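[1] just the structure for this:
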Amino acid sequence: MTHLIPTPALIAPLLATLADVPWPSEDAGAPTALLARCPVAAETPLVEMPGLAKMAGIGHLHIKDERARMGLGSFKALGAAYVIACDAQAGEAAGRAYYAASAGNHGLSVAAGAQAFGARAVIYLAQTVPTAFAARLEALGAEVRWRGETYEASMEAAVQDAEMEGAVLLSDSSWPGYFERPWRLMEGYLVLMQEVVAQMPAAPTHVFLQAGVGGLAASAAAYVRKVWGDVPRIVVVEPEVAPALISSIAMSAVQTVQAPPAGSVPASAMGRLDCKEPSLIALKGLARDANDFMTITEAEGADAALAVAGAGFESTPSGAAGIAGLLVAARDGGFGLSEASRVLVVLSEGPE
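    Numbering: from 1, shown residues only. Below is the predicted model of the structure:
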């Protein structure tokens, strides 16, 4: 486990370089009101897991189970579909083409939102994405375009084609000059945290949040701070093969981590988190709100997926990465975990 505490000496110069980047939204009211009009926008459960809590040596473990969110199988249903719904509310969605790169569930949300509001979805996939996922996208009416061997390559293709073909780029990441839509998309994720606050019997002592580009983690962390203040210890969990956030914090500057040469190592089983560049909005929010950053190995991610499956909650190493972070921290005696701890984790997706 690599572990980093974001000290003021590291954070201050980083935030200075991100001065023009917006902070994540903390207003759950807007997406909650809009998504309440969606017939499949039902609340997802918060489940207490005593067996896994005992395994981790803590008093309580609460898992926000996003595997059935809006019938799409992950928290991502709250993101891109919400952006398209906002466009539809403004009378701007029908007939539009939305282009997006996806390593998984973001593409499903774009496709579902486009289908619901009379728009067109074009989803860019890297060669590492399973073909079964492409079939799910096409079943929702999306056009699939295979581009490149990495997520970053498919993203570059989506950006270029959207500009050339006059389409709307709808990414779940953000970069200089591209903030409005990812900011709105991250706002949609606040719905699940508003539900958590209403469902939790008491405030958590710890929150473990998995991160790819960082959108879910940053939105959740911002809402935790708004509602529960400084008390919960927020831990951001990344795969060791894609430590974009922890590297950026450590270097006090935005980092793009290098992918290994194609074919030199197997593709990461944490494909939804295997992102080599951080979202700038997410990085800024987490630099302010997170207490710790850590990485997990492929084996640790796989072990966590097996652990939750054994408890009756099938997921993937990506979906269970927050739980992996908890189990690794408990094993190593870190983060002040004890029998008095009450931990919150998001199970972010269902099995593939």
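
[2] low-confidence regions, the stretch 201-350 of the chain specifically.
    259-266 (pLDDT under 70).

[3] can you pull out the helices in it?
    With DSSP state H, counting those that start in this stretch applied, the stretch 201-350 of the chain shows helices at 215-228, 244-251, 280-289, 298-310, 321-332, listed in chain order.

[4] will you turn the ones you listed into JSON lines that also has distance to Ala36 and mean neighbour count?
    Where C-beta positions appear, they are placed from N, C-alpha and C, glycine not excepted. Formatted as JSON lines, the helices of the stretch 201-350 of the chain follow (distance: least, CB to CB, whole Å; neighbours: other CB atoms under 10 Å):
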{"stretch": "helix 215-228", "distance to Ala36": "18", "mean neighbour count": "25"}
{"stretch": "helix 244-251", "distance to Ala36": "32", "mean neighbour count": "23"}
{"stretch": "helix 280-289", "distance to Ala36": "25", "mean neighbour count": "25"}
{"stretch": "helix 298-310", "distance to Ala36": "29", "mean neighbour count": "19"}
{"stretch": "helix 321-332", "distance to Ala36": "27", "mean neighbour count": "24"}
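
[5] nearest to Leu35, of the ones you listed?
    helix 215-228 (14.3 Å; CB to CB).

[6] any idea of the angle that closest one forms with helix 321-332?
    70 degrees (axes from the mean of the first three to the mean of the last three CA atoms, to 10 degrees).

[7] helices or strands up against helix 215-228?
    The contact analysis (3 or more CB pairs under 8 Å, 6 or more residues apart in numbering; DSSP states H and E) places helix 215-228 against helix 180-199, strand 206-210, strand 233-239, helix 280-289.

[8] hang on, Ala41 packs against Gly71?
    No. Judged on CB atoms under 8 Å, Ala41 makes no contact with Gly71 at a distance of 9.9 Å.

[9] of the two, who's got more company?
    Neighbour count, other CB atoms under 10 Å: between Ala41 and Gly71, Ala41 has more, with 20 against 11.

[10] contacts only, for that one.
    Contact analysis of Ala41 by CB atoms under 8 Å, 6 or more residues apart in numbering lists 35, 70.

[11] and what of Met270?
    Taking CB under 8 Å, 6+ apart, one finds 239, 241-242, 298, 301, 316-318, 321 in contact with Met270.

[12] the same query, at a cut-off of 6 Å, please.
    239, 301, 317-318 (CB atoms under 6 Å, 6 or more residues apart in numbering).

[13] now the residue nearest in space to the middle of the chain: how far from Thr17?
    Against the mean C-alpha coordinate of the chain, by CA atoms, centre = their mean, the closest residue is Leu216 at 3.7 Å. Here Leu216 is placed at a distance of 23 Å from Thr17 (CB to CB, to the nearest Å).
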